[in-house]
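Undergrad: model this:
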Amino acid sequence: MEADLEGVDLGSDIDAIICMGTICYLSDEGVRSVLKSSANCLVPGGRMLVSFKSTEDSRFKCGVERITQIEGDQKGLEMRSFSLSEIKREVKLAGLKIVGYEQIKRITYNKKRVYADWYVTMEKV
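TA: Here you go, the predicted structure:
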């Protein structure tokens, strides 16, 4: 199913949810809303895989949490980065628990940028 992340009702018997490359474009309230509504949709033990932009992504300069894309398909969109501690806090508030995570960094061919993402697997408690 493809849908707007905020305010979508997925039902209540979902085994797994994958949310890749999108949550970084939501407001703080939107992130909380998506995680909580997703947790409500999952069956007990159901899992969710989410990618979060890392604060170690070189597009975010020295502690800046949000940037506005200046090129490409996402031009004009605001993007947010997350530290692992922020992710853990949001996941806990949503009633989920982290069962695994990994930070993956990709360096562009000209070595001018580092793209960094957290991939986090969560489970309904």
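
Undergrad: show me the contacts for the closest residue to residue 56 other than its chain neighbours.
TA: Using CB to CB, 6 or more residues apart in numbering and skipping the chain neighbours, the partner closest in space to residue 56 is residue 116 (4.3 Å). (Glycine included, C-beta is placed from N, CA and C.) Taking CB atoms under 8 Å, 6 or more residues apart in numbering as the criterion, residue 116 is in contact with 53, 54, 55, 56, 57, 58, 103, 104, 105, 106.

Undergrad: Minimum pLDDT in those residues, which residue is that?
TA: Ranked by pLDDT, those bottom out at residue 58, which has 81.

Undergrad: That one: what secondary structure?
TA: Recorded secondary structure, residue 58: coil (DSSP: H, G, I helix; E, B strand; the rest coil).

Undergrad: Look up how far residue 90 lies from it.
TA: Relative to residue 90, residue 58 is positioned 23 Å away (CB to CB, to the nearest Å).

Undergrad: max-length helix in this protein?
TA: helix 28-41 (DSSP state H).

Undergrad: tell me the mean pLDDT for it?
TA: For helix 28-41, mean pLDDT rounds to 91.

Undergrad: Stretch 76-94 now?
TA: Average pLDDT, stretch 76-94: 90.

Undergrad: which other residues reach it?
TA: Everything outside stretch 76-94 that qualifies as a contact, by CB under 8 Å, 6+ apart, is 24-26, 28, 31-32, 35-36, 38-39, 52-55, 57, 59-60, 64-69, 97-98, 101, 103, 118, 120, 122.

Undergrad: For PyMOL, what selects the buried ones among these?
TA: To isolate the buried ones among the contacts of stretch 76-94 in PyMOL, judged by 16 or more other CB atoms under 10 Å, type:
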select buried, resi 24+25+26+31+35+38+39+52+53+54+55+57+60+67+101+118+120+122
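
Undergrad: Got the confidence number for the residue of the chain positioned farthest from its centre?
TA: Most distant from the centre of the chain: residue 110, at 26.7 Å, with distances by CA atoms, centre = their mean. Model confidence at residue 110, given as pLDDT, is 79.
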